[in-house]
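Student: What follows is a predicted protein model with its sequence.
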Amino acid sequence: MEGNEDLKIFRLSDDQIPLAVGLMEKVFTLEQYIPESYLPVNLFPQMNWGVFHGERLIALAIAWWENEIWHWGRFAVDPEWRGKGIGKKLIQISLKELFDAGAKEVHIDARDITVNLLSKLGARVIGNTFDFYGNVTPMRLSIHDFKT
């Protein structure tokens, strides 16, 4: 996030969730044609992180507990802010906080662009790439393999 000192990354409060849904609609529905019904994560517990530029949410990541494991996803960076290292920093911070909160392993269904970033942090591919409105690769990241 070089040169972006005015950006803040922190956990989202409940009243900021509408901002998260708006960013998900912009990135997932308008760019990737994923139906809006897939966007909200209605599984709990969950943790939500955002990157803010002033009052504007420009990046998002969500983790939720499902089937006895933490899942990490709904990773989105506003198109105007891509290529500046914001997404990489958000991935690092959100996963570190998730592991610090007690997660031992995280499941991630990663889009092609995210697979490389996650691999550099220690995540491993655990299955074949499949189509979900574009290529998605199942990955796992263990607390023991996590590299910050």
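Tutor: Now that the structure is in, tell me what you want to look at.

Student: what about the strands in the chain?
Tutor: All strands of the chain, identified by DSSP state E, fall at 7-11, 46-53, 56-66, 69-77, 105-111, 124-125, 130-131, 135-142.

Student: Throw those into TSV and include distance to Val27, thanks.
Tutor: For the C-beta atoms, the positions are set from N, CA and C on the backbone; glycine is no exception. Below are those laid out as TSV (distance: least, C-beta to C-beta, whole Å):
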stretch	distance to Val27
strand 7-11	17
strand 46-53	13
strand 56-66	8
strand 69-77	4
strand 105-111	10
strand 124-125	23
strand 130-131	18
strand 135-142	15
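
Student: Now tabulate those strands in a markdown table and tack on mean pLDDT and mean neighbour count.
Tutor: Below are the strands of the chain laid out as a markdown table (pLDDT from 0 to 100; neighbours: other C-beta atoms under 10 Å):
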| stretch | mean pLDDT | mean neighbour count |
| --- | --- | --- |
| strand 7-11 | 96 | 14 |
| strand 46-53 | 97 | 20 |
| strand 56-66 | 98 | 20 |
| strand 69-77 | 97 | 21 |
| strand 105-111 | 97 | 19 |
| strand 124-125 | 98 | 13 |
| strand 130-131 | 97 | 8 |
| strand 135-142 | 98 | 18 |
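
Student: Those: which one's closest to Gly22?
Tutor: The stretch from those with the least distance to Gly22 (C-beta to C-beta) is strand 56-66; that distance is 7.5 Å.

Student: Out of the strands of the chain, which is closest to Phe99?
Tutor: Closest among these, using C-beta to C-beta: strand 105-111, at 7.8 Å.

Student: partners of that closest one in the sheet?
Tutor: Here strand 105-111 has these sheet partners by DSSP bridges: strand 69-77 (parallel), strand 135-142 (antiparallel).

Student: tell me the angle of it relative to strand 56-66?
Tutor: 130 degrees (axes from the mean of the first three to the mean of the last three C-alpha atoms, to 10 degrees).

Student: contacts for strand 105-111?
Tutor: Outside strand 105-111, the residues within contact range by C-beta atoms under 8 Å, 6 or more residues apart in numbering are 63, 69-73, 95, 98-99, 114, 118, 123, 132, 134-143.

Student: got it, and stretch 124-141?
Tutor: With C-beta under 8 Å, 6+ apart, stretch 124-141 has contacts from 32-34, 72, 95, 105-112, 115, 118-119, 121-123, 145.
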